[in-house]
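Trainee: all I have is the shape, not the residue letters:
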Ligand code: SAH
């Protein structure tokens, strides 16, 4: 059986219990070497074959999975964070479908969750924003024009930008041209949940400068939005004057 497993975004104990058990059982692990914490590979069986996909093409990854599958192996394809975000898993699943090789996907803790945890932040604050946009600056991989950063910026939601740390100047300009005020709070989280995690708070206007000062060009998320500010309304869910399905409002 083949399992696409989310490794979580850094700390090895952030993998799910299901993912960790599969790693222990695996005969073959193909891991995304650029971002998966190698400490996760320590619990594998002594004869487990371990391959780093950073050095492989899609064809090579599929050939390895097919080889393992022909030998009835338990195969773990280990992706960073959650595999459904910028994980390039769809193309692998389609190749397996073509060959009628069954697989399952095990979700993981994405870096946007790790980054919020590091900052003690909540993306969805009442009266501030109830929407999180997960996106990226167009790079080698283009972004459709209708979802360009400038157009998404019109909404002034909470936003998490993946794969964009090396393009901060453009990010900053596009966000401002799109509608965010230049002094909107922003944050950079480098290697969220890794031992060398670093967080920097700034504004949209100072994003590029902050990244440059700290020499960060990769493995970082850029977060923007007023959720990083201190102003918000408290939730209705825990408000004593509101009833919920589980709790009656207290009488004033
Ligand atoms: N599937 C992954 C994302 C892979 S794309 C996930 O769910 O997190 C790679 C990008 O993710 C990086 O360029 C960076 O923007 C972000 N990223 C991955 N791990 C990170 C971490 N620990 N801290 C901050 N950003 C991270």
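Mentor: Thanks, I have it. Remember, it's a predicted structure, so these values are computed and weren't measured experimentally.

Trainee: outline the domain layout of this protein.
Mentor: The chain breaks down into these domains under automatic domain parsing: 2-106, 111-228.

Trainee: please compute how far the first one lies from its chain's middle.
Mentor: This means domain 2-106. Between the centre of domain 2-106 and the centre of its chain there are 17 Å (Cα atoms, centre = their mean, to the nearest Å).

Trainee: could you give the average pLDDT over it?
Mentor: In this model, domain 2-106 has a mean pLDDT of 97.

Trainee: what does the longest one give?
Mentor: Averaged over domain 111-228, pLDDT sits at 96.

Trainee: tell me how far residue 201 lies from the ligand.
Mentor: 15 Å (Cβ to the nearest ligand atom, to the nearest Å). In short, each C-beta sits where N, CA and C put it, glycine included.

Trainee: quickly find the element holding that residue.
Mentor: Element membership of residue 201 [criterion: DSSP states H and E] is strand 198-203.

Trainee: what comes up buried for the very next helix or strand once past that strand?
Mentor: For strand 198-203, the following helix or strand on the C-terminal side (DSSP H and E) is helix 207-213. Across helix 207-213, burial judged by 16 or more other Cβ atoms under 10 Å covers 207, 208, 210, 211.

Trainee: which residues does helix 207-213 contact?
Mentor: Outside helix 207-213, the residues that touch it by Cβ atoms under 8 Å, 6 or more residues apart in numbering are 165, 168-169, 171-172, 186, 188, 200, 202, 217, 220, 222, 224.

Trainee: quick one: buried ones out of those?
Mentor: 165, 168, 171, 172, 186, 188, 200, 202, 220, 222, 224.

Trainee: so who does the second one touch?
Mentor: What that stands for is residue 168. 207, 208, 211, 212, 222.

Trainee: now do the SS call for it.
Mentor: helix (DSSP: H, G, I helix; E, B strand; the rest coil).

Trainee: quick check: closest non-adjacent residue to it.
Mentor: Excluding the flanking residues, the one nearest residue 168 by Cβ to Cβ, 6 or more residues apart in numbering is residue 208, at 4.0 Å.

Trainee: touching stretch 137-153 from outside, list them.
Mentor: 133, 135-136, 159, 161, 163-164, 166-167, 170-171, 174-180.

Trainee: gap between the residue lying closest to residue 1 once chain neighbours are set aside and the ligand?
Mentor: Leaving out its chain neighbours, the residue that sits closest to residue 1 by Cβ to Cβ, 6+ apart is residue 74, at 6.0 Å. Separation of residue 74 from the ligand (Cβ to the nearest ligand atom): 22 Å.
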